[in-house]
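Peer 1: Provide a 3D model corresponding to the input given below.
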Amino acid sequence: MVGVIVADGCALEILPKIDAKPSESDPDNRGYLRDRLVHMLAVALDLEIDSGTMTSLGSERDTLLEVLIGLFSRKLADALRQGMPRRYMACEDELPALRGRLDVVRQFTRLAASPQRLACRFDELSPDTPLNQIMKAAVSRLLRVSNNADNQRRLAELGFAYADIADVPVSGLRWDDVHLDRTNARWKELITLARLLLGDRFQTSSMGRQDGFSLLFEMNTLFEEYVGRLLKRALSGTGFSVSLQGGRLFCLENETDGRQVFQTRPDILVKRGNEVVQIIDTKWKRISSRIDDPKQGVAQADVYQMMAYGQIYHCNSLSLLYPHHFALADSPGTLASHRIGADQARLHTMSVELGSRQAVIQQLRQLTLELAETEAC
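Peer 2: Numbering: from 1, shown residues only. Down below sits the predicted model:
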């Protein structure tokens, strides 16, 4: 798990273990680690973050939480400069003149004794929409937890912009009523960030006078999503397709009634048409060099799992993919290949170096295509 846990007067930041060379401005590599983590989150959440934005977020001095708050508040301020989104909302009111349609039932029941008032139903263009209510809820919560002066100032300004929007508790926000189209597509990333900062990963707790909160991510799940999404981009236009958590075939079938049990969900399936040509399972752990350990730290259960995948999906190319680190004697790529028994199936252990987005895409493309060509031969 990585992220931030905050209690009264103290904060615990948990950063991923990613190798990097220290620099004079970042001797303990905390800034680099935050940059990599935000980069992985951006890929997993479909966020576009350019290098200029990353530089301005101050990841060398602020915690991951403050970096994400800064990212959200900057994107929200930029979006509001183009205007706050509005939507026609259904309204009911009692007016001296007819507006819209007459509510006949209400007119002749509640207003039967007041014919000078008309029960009207009409649509009104209003900024008080579910989208803006979500943005206001995020701004209000983040303003309470941020300790960065720039973030606090920016959030306070955003709070004034949303002063006329209704206060809705987080549990009452209507996420399903947010409709994104070509007129408000620029809010898609902000909705994703707001869901992240208001959702299940962001937990607040209080006991007595002490308040606390946490924002945590499971690195194994994040690494899997990160690799899977970049692999889709890497293999675009190659004739291969990528399926994440797909397959869903069962291991066993009952001989009596044919009922299937133990469904499988491989992390990544690489397909050519309907044929599964490679199965990749991602593992967020430090693999060993072959000098230190002939098994390279690969868990026996992982090997058994990959053998089962190969049998069920009739696939001969099986890969365990790990993050690369400096202690490995080999460069990133295929570290070892093993034949599975007397079959044609092979299990490969591979590593990928977590650099820029384009660099990772290039590594994944090269790894996958090289293995596809080898297996074809």
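Peer 1: Please, where are all the helices along the stretch 1-150 of the chain?
Peer 2: Counting by DSSP state H, counting those that start in this stretch, the stretch 1-150 of the chain forms helices over residues 30-44, 51-56, 64-80, 104-107, 130-145, 149-161, given from the N-terminal end onward.
Peer 1: Which one of these lies nearest to Gly246?
Peer 2: Comparison of the helices of the stretch 1-150 of the chain against Gly246 by C-beta to C-beta identifies helix 30-44 as nearest, at 17.2 Å. (C-beta placed from N, C-alpha, C; glycine too.)
Peer 1: what angle sits between the closest one and helix 64-80?
Peer 2: For helix 30-44 and helix 64-80, the angle between their directions (axes from the mean of the first three to the mean of the last three C-alpha atoms, to 10 degrees) works out to 50 degrees.
Peer 1: residues of helix 30-44 that come out buried?
Peer 2: Within helix 30-44, the residues that qualify as buried are 30-44, counting by 16 or more other C-beta atoms under 10 Å.
Peer 1: out of those residues, which one sits closest to Asn148?
Peer 2: Comparing every one of these with Asn148 (C-beta to C-beta), the shortest separation belongs to Arg34, at 13.4 Å.
Peer 1: From Leu193, how far off is the closest one?
Peer 2: Counting by C-beta to C-beta, to the nearest Å, the separation of Arg34 from Leu193 is 16 Å.
Peer 1: Tell me how far the residue nearest to Glu225 when sequence neighbours are not counted lies from Val227.
Peer 2: With C-beta to C-beta, 6 or more residues apart in numbering as the criterion, Glu225 has its nearest non-adjacent residue at 4.2 Å, and that residue is Ala44. Distance from Ala44 to Val227, counting by C-beta to C-beta: 10 Å.
Peer 1: Check His314 too.
Peer 2: Where Val227 is concerned, His314 sits at a distance of 23 Å (C-beta to C-beta).
Peer 1: Of the two, which one has the most company?
Peer 2: For His314 and Val227, the more surrounded residue by other C-beta atoms under 10 Å is Val227, and the numbers stand at 27 against 9.
Peer 1: And what about the more buried one, helix, strand or coil?
Peer 2: helix (DSSP: H, G, I helix; E, B strand; the rest coil).
Peer 1: That one is in contact with Leu364, isn't it?
Peer 2: Yes. Taking contacts as C-beta atoms under 8 Å, Val227 lies within contact range of Leu364: 7.0 Å.
Peer 1: what is in contact with the two at once?
Peer 2: Between them, Val227 and Leu364 have Val352 as joint contacts when contacts are counted by C-beta atoms under 8 Å, 6 or more residues apart in numbering.
Peer 1: Give me the most central residue, this structure.
Peer 2: In the chain, the C-alpha nearest the mean C-alpha coordinate belongs to Leu45, at 3.3 Å (C-alpha atoms, centre = their mean).
Peer 1: Skipping adjacent residues, who's closest to that one in space?
Peer 2: Using C-beta to C-beta, 6+ apart and skipping residues adjacent in sequence, the residue nearest Leu45 is Thr192, 5.0 Å away.
Peer 1: quick one: the one you found is in a helix?
Peer 2: Yes. Counting by three-state DSSP, Thr192 is located in a helix.
Peer 1: name the element Glu370 belongs to?
Peer 2: helix 357-376 (DSSP states H and E).
Peer 1: could you say what helices and strands that helix packs with?
Peer 2: Contact partners of helix 357-376 among helices and strands, from 3 or more C-beta pairs under 8 Å, 6 or more residues apart in numbering; DSSP states H and E: helix 219-234, strand 268-272, strand 275-282, strand 317-323, strand 333-339, strand 346-352.
Peer 1: For the residue nearest to Leu45, grab the count of nearby residues.
Peer 2: As a burial measure, the neighbour count of Thr192 was computed by other C-beta under 10 Å and equals 17.
Peer 1: Distance-wise, check it relative to Leu76.
Peer 2: Distance, Thr192 to Leu76, using C-beta to C-beta: 12 Å.
Peer 1: Tell me the confidence at the residue of the chain positioned farthest from its centre?
Peer 2: Largest separation from the mean C-alpha position in the chain: Ala113, at 57.1 Å (C-alpha atoms, centre = their mean). The predicted local distance difference test score for Ala113 is 85.
Peer 1: Perfect, that will be all.
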